[in-house]
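Undergrad: no letters, just coordinates:
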């Protein structure tokens, strides 16, 4: 039977917090990553992941194989909801939801940067401070640092955004500004309305978080653990459980994990 293959490169970049990435860790990550992606492929389609490999920049080339091009493209679109895909700097789509990871968080005062995989040349998207204020704090005059703290934003946290402004400088280098997508804001509103303290985690698999919570006897304190990205999750605490208290209990058992708190009560007044 004739098979079609299709490949794309993720916007997602593999990273390790606190330490160098060893060959073993890279292999383990690809194994976990493959499992996570396979869970998303509809069972009634005969599309499989044929190959996963790292590029030099730690983005991942994913090769799919299937009976025809349409099915492969359909599956690649599903997977890209988690991984994003690299974008040519000369062909950046505007007003289209794009997946990326927060980066350089807290290093500048005029906004936050998101890596959505723009390359040739590579460029991150700036969400300027005025836009953060508009979208997240009802135009209150909070600083970038205060907004970051309020929402538990941190490096590598996956977000969805849209490019709003695109200019090309003399040498063709793009200058890109964006804003959070409507879909992303709807999710935040939902979290505010549900009212559960949430811990955002980056750097380790969701499975690892689950295991650690179970080992320390905290499964009972958790409503659910949502996958945000391949190594990023949102741990939703039960009513009466505080995220800060939980971090104090489990943080030391997850040295290669970063955790931040999203407290709906603190955020609610802006919604």
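TA: Cool, the structure landed. This one's a predicted model, so the numbers in the text were calculated from it and none came from an experiment. Numbers count the residues shown, from 1 in each chain.
Undergrad: how about the most centrally placed residue in the chain: what's its closest non-neighbour residue?
TA: The C-alpha lying nearest the average C-alpha coordinate of the chain belongs to residue 158 (C-alpha atoms, centre = their mean; 1.6 Å). The shortest distance from residue 158 to any non-neighbouring residue, by C-beta to C-beta, 6 or more residues apart in numbering, is to residue 229 (4.0 Å). Using the backbone N, CA and C atoms, a C-beta is placed for each residue, glycine as well.
Undergrad: contacts only, for the one you found.
TA: 12, 82, 101, 156, 157, 158 (C-beta atoms under 8 Å, 6 or more residues apart in numbering).
Undergrad: point out the ones among those residues that are inside strands.
TA: Members of the contacts of residue 229 lying in strands (criterion: DSSP state E): 12, 101, 158.
Undergrad: hey, where'd the strands end up in the stretch 1-150 of the chain?
TA: 4-13, 48-54, 59-66, 87-88, 98-103, 111-119, 123-128 (DSSP state E, counting those that start in this stretch).
Undergrad: chain center to the third one: distance?
TA: Taking the mean of its C-alpha atoms, strand 59-66 sits 19 Å from the chain's own mean (C-alpha atoms, centre = their mean, to the nearest Å).
Undergrad: buried residues in it?
TA: Neighbour counts over strand 59-66 (16 or more other C-beta atoms under 10 Å) mark 59, 60, 62, 64, 65, 66 as buried.
Undergrad: I'd guessed the residue nearest to the centre of the chain sits against residue 98; true?
TA: No: contact criterion C-beta atoms under 8 Å: residue 158 and residue 98 do not qualify, at 11.1 Å.
Undergrad: how about residue 215, nearest residue that isn't a chain neighbour?
TA: Nearest non-adjacent residue to residue 215, counting by C-beta to C-beta, 6+ apart: residue 253, 7.5 Å away.
Undergrad: ok, now which ones touch the one you found?
TA: With contact taken as C-beta under 8 Å, 6+ apart, residue 253 is in contact with 212, 215, 216.
Undergrad: can you give me the distance of it to residue 84?
TA: Residue 253 is 30 Å from residue 84, where distance means C-beta to C-beta, to the nearest Å.
Undergrad: quick check: residue 161 is in a strand.
TA: Yes: per DSSP: H, G, I helix; E, B strand; the rest coil, residue 161 lies within a strand segment.
Undergrad: which strand residues bridge it?
TA: Counting by DSSP bridges, residue 161 is bridged to residue 98, residue 180.
Undergrad: all helices of this structure, in order?
TA: 23-38, 69-83, 129-136, 144-151, 182-194, 206-215, 243-250, 264-268 (DSSP state H).
Undergrad: contacts for the shortest one, please.
TA: Spelled out, that is helix 264-268. 150, 151, 188, 191, 192, 193, 194, 195, 196, 197, 198.
Undergrad: closest to residue 24 among those residues?
TA: Ranked by distance to residue 24 (C-beta to C-beta), the contacts of helix 264-268 are led by residue 198 at 31.5 Å.
Undergrad: do I have it right that the closest one meets residue 191?
TA: Yes: using C-beta under 8 Å, residue 198 is in contact with residue 191, at 6.2 Å.
Undergrad: overlap in contacts, the two.
TA: 262, 264.
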